[in-house]
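>>> Quick one: sequence plus predicted model below, questions after.
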Amino acid sequence: MSSQNQSSVLHKFKGILFSAMSSEELLNSLDSFNAREDDVFLVSYPKSGTHWIAEVIENIPNARITLTSPIELGDMSKFEELKMYCKRRVIPTHLSYNMLPTDIIQKQCKIIYIIRNPKDTAVSLFHYYRENPNLPGIETWAAFLELFLRGDVVYGSWFDHVLSLEEHKNDKNILIIFYEEMKKDISKSIKKITTFLGINVSDGEINKIAWKTSFSEMKNNATKENRDPDHTICALTSDRNLVFRKGVVGDWINYFTSKQKRVFDELFTEKMRHSELARHVED
Ligand code: A3P
């Protein structure tokens with residue numbers, strides 16, 4: 001990938017790469033955002049399972065919520081748009097914890113942070129780069145992996161993103177969910193999410209949510225759906241068809257050479273050596 005290509009579709013803000021879909025003016029004015037105490041923020045590094053959790057929340061009976069587009073997506077009209085929602089807002093974002101608007105932290109809004117193992121995240125983001133016209137062209141997996149390890153990709157380094165949450169991991173307004181735990185036991189994860197949001201659901205309702213949010217169901221619906229692009233929950237594209245690729249744990253094994261795995265694991269160990277969160281990350 002040429003640097004010219006990269007700079008034509010991405011721009012840097014506070015040292016982090018953003019897509020052209022996030023205007024610099026909006027990023028600059030994030031701290032003027034007025035949060036509401038009952039707002040819920042869905043925070044994740046890209047490709048960690050954001051759509052999956054969003055779909056779970058949208059399918060909770062009587063949740064009385066509105067799922068908005070990402071807070072960092074768009075231009076200066078964004079905050080006016082967000083003000084118009086009357087119901088409880090569920091607001092997705094790929095901003096790291098330390099970049100969140102200060103009012104969210106001050107008002108101690110609920111935050112659901114999704115973590116996926118970084119090797120699968122890298123593979124997923126690699127494919128996303130290849131298919132998404134809003135992201136730079138990528139020639140090879142090896143070239144992409146180098147960018148990923150340097151944090152030279154949209155929303156920066158996976159390591160820094162997760163580390164920025166580290167000291168808040170036990171805050172009571174924060175729920176951390178791992179993609180791999182959702183794959184293992186989706187009913188348990190749904191229960192965790194509904195309990196955190198203070199919504200009662202029956203076992204039958206949980207089963208229904210689990211079925212509606214299965215990978216196959218969501219993938220089928222993505223092709224059928226004709227959503228208003230202004231209501232995308234992805235800050236990088238409004239095309240839901242690009243989101244549902246494989247939906248599995250451990251696909252990285254089909255991409256990493258043994259040398260790439262070693263380099264990755266060494267960097268992981270070095271960067272995450274003081275991280276308790278990292279101990280919960282499963283390959
Ligand atoms: P893959 O590219 O590995 O398939 P995000 O929503 O944060 O952009 O994350 C997208 C990733 O989550 C994609 O990973 C996608 O397939 C996966 N995903 C989305 N819905 C899923 C579901 N219901 N079950 C499992 N994985 C899902």
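Nice, I can see it.
>>> for the stretch 151-283 of the chain, what spans make up the helices?
With helices called from DSSP state H, counting those that start in this stretch, the stretch 151-283 of the chain shows them at 158-166, 179-184, 186-197, 203-212, 215-224, 258-271.
>>> Which residues belonging to the second one are considered buried?
What it means is helix 179-184. Of all the residues in helix 179-184, those buried under the rule 16 or more other C-beta atoms under 10 Å are Y179, E180, E181, M182, K183. Every C-beta, even on glycine, is put in place using the N, C-alpha and C of the backbone.
>>> Kindly report the same for the fourth one.
The neighbour-count check on helix 203-212 (16+ other C-beta under 10 Å) flags E205, I206, I209, A210 as buried.
>>> May I have the secondary structure class of V56?
Under the three-state scheme (DSSP: H, G, I helix; E, B strand; the rest coil), V56 adopts helix.
>>> burial measure for the closest residue to it other than its chain neighbours, as a count.
Spatial nearest neighbour of V56, excluding adjacent residues (C-beta to C-beta, 6 or more residues apart in numbering): T213 at 5.2 Å. As a burial measure, T213 scores 22 neighbours (other C-beta atoms under 10 Å).
>>> cool, and I104?
I104: 25 neighbours (other C-beta under 10 Å).
>>> what about the closest residue to it other than its chain neighbours, distance to P118?
Distance criterion C-beta to C-beta, 6+ apart; nearest residue to I104, sequence neighbours excluded, is A35 at 4.8 Å. The gap separating A35 from P118 is 29 Å, by C-beta to C-beta, to the nearest Å.
>>> Those two: which has the busier surroundings?
Taking neighbours as other C-beta under 10 Å, A35 and P118 compare with P118 leading, 27 against 21.
>>> right, and that one touches V281 too?
Yes. With contact defined as C-beta atoms under 8 Å, P118 and V281 form a contacting pair (7.2 Å).
>>> Settle this for me: L197 is touching V40, isn't it.
Yes. In this structure, L197 is within contact of V40 by C-beta under 8 Å, at 6.7 Å.
>>> what sits in contact with each of the two?
Both L197 and V40 are contacted by I57, K110, under the criterion C-beta atoms under 8 Å, 6 or more residues apart in numbering.
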